[in-house]
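# Structure here, sequence nowhere to be found:
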């Protein structure tokens, strides 16, 4: 859904959109399992930028929900998780902050995005929010045992017969000192 800045000049735009799985590209490691439902409002926010210039910012606020599938960081099995989040985003015209002196930015300015041309795609904003909602490392369960480092067997499903690696002999001198110091 394209959010046109010229239409926002006339009226705010309410949206209630549903995106089928795989319509929004989330990369190789994340799959959307259920429809992405999003609703909210897009509105124009005019901001003074200098003495004679007004910026036309787009403010998006609303919420979304879906179900995503990722892989477990320990055992590489699929992990299905529901994701729901609210958002309140501000987008400025690209290049509107260019040409200014370097300066420190505040917390709210770090959350500003940019759009090009006459508007932006709602799907792009939702994609960004979906990716931010997924934890960096998902695990299938808290006590996941992961994979055997030798044979690669899933230790949640079976116990492998691999021999445990021998101790690194480079640490043997420290082991001897530890034994002498302990009572």
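Great, that's in hand. Fair warning: this is a prediction, and the values are worked out from it, not measured in the lab. Numbering: from 1, shown residues only.
# any idea which helix or strand of this structure has the worst average confidence?
strand 112-115 (a mean of 82; mean pLDDT, DSSP states H and E).
# strands paired with the longest strand along the chain, and their directions?
Counting by DSSP state E, the longest strand found in the chain is strand 54-71. Partners of strand 54-71 in the sheet, by DSSP bridges, are strand 31-32 (antiparallel), strand 36-48 (antiparallel), strand 78-93 (antiparallel).
# Buried deepest among the ones you listed, which one?
When you average the neighbours per residue for each of the strands paired with strand 54-71 (mean count of other C-beta atoms under 10 Å), strand 31-32 leads with a mean of 18. In this view, the C-beta of every residue, glycine as well, is placed from N, C-alpha and C.
# Give me the distance from that one to the chain's centre.
Taking C-alpha atoms, centre = their mean, to the nearest Å, one finds the center of strand 31-32 at 13 Å from the center of the full chain.
# Repeat that for stretch 144-154.
On C-alpha atoms, centre = their mean, the centre of stretch 144-154 falls 27 Å from that of its chain.
# quick one: terminal-to-terminal distance for it?
For stretch 144-154, the separation between the terminal residues is 10 Å (C-alpha to C-alpha, to the nearest Å).
# Need the pLDDT of the closest residue to residue 66 other than its chain neighbours.
Sequence neighbours aside, residue 36 is the residue nearest to residue 66 in space, at 4.2 Å (criterion: C-beta to C-beta, 6 or more residues apart in numbering). At residue 36, the pLDDT value in this model is 94.
# Can you give the domain ranges for this protein?
2-133, 145-183 (automatic domain parsing).
# Tabulate the ones you listed (a markdown table), appending distance to residue 139.
Compiled in a markdown table, the domains of the chain are given as follows (distance: least, C-beta to C-beta, whole Å):
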| stretch | distance to residue 139 |
| --- | --- |
| domain 2-133 | 5 |
| domain 145-183 | 9 |
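# just the ones you listed: most buried one?
domain 2-133 (a mean of 14).
# I'd like the distance between residue 68 and residue 33.
Going from residue 68 to residue 33 by C-beta to C-beta, to the nearest Å gives 6 Å.
# scratch that, residue 178 is what I was asking about
Using C-beta to C-beta, residue 178 is found at 51 Å from residue 33.
# ditto for residue 136
Counting by C-beta to C-beta, the gap from residue 136 to residue 33 is 20 Å.
# just residue 176 next, same as before
From residue 176 across to residue 33, the span is 55 Å (C-beta to C-beta).
# Any figure for the gap between residue 145 and residue 160?
11 Å.
# One more: residue 85?
With C-beta to C-beta as the criterion, residue 85 and residue 160 are 40 Å apart.
# how long is stretch 11-27 from one end to the other?
Terminal-residue distance, stretch 11-27 (C-alpha to C-alpha): 35 Å.
# Need the pLDDT of residue 18.
So residue 18 comes in at 93 (pLDDT).
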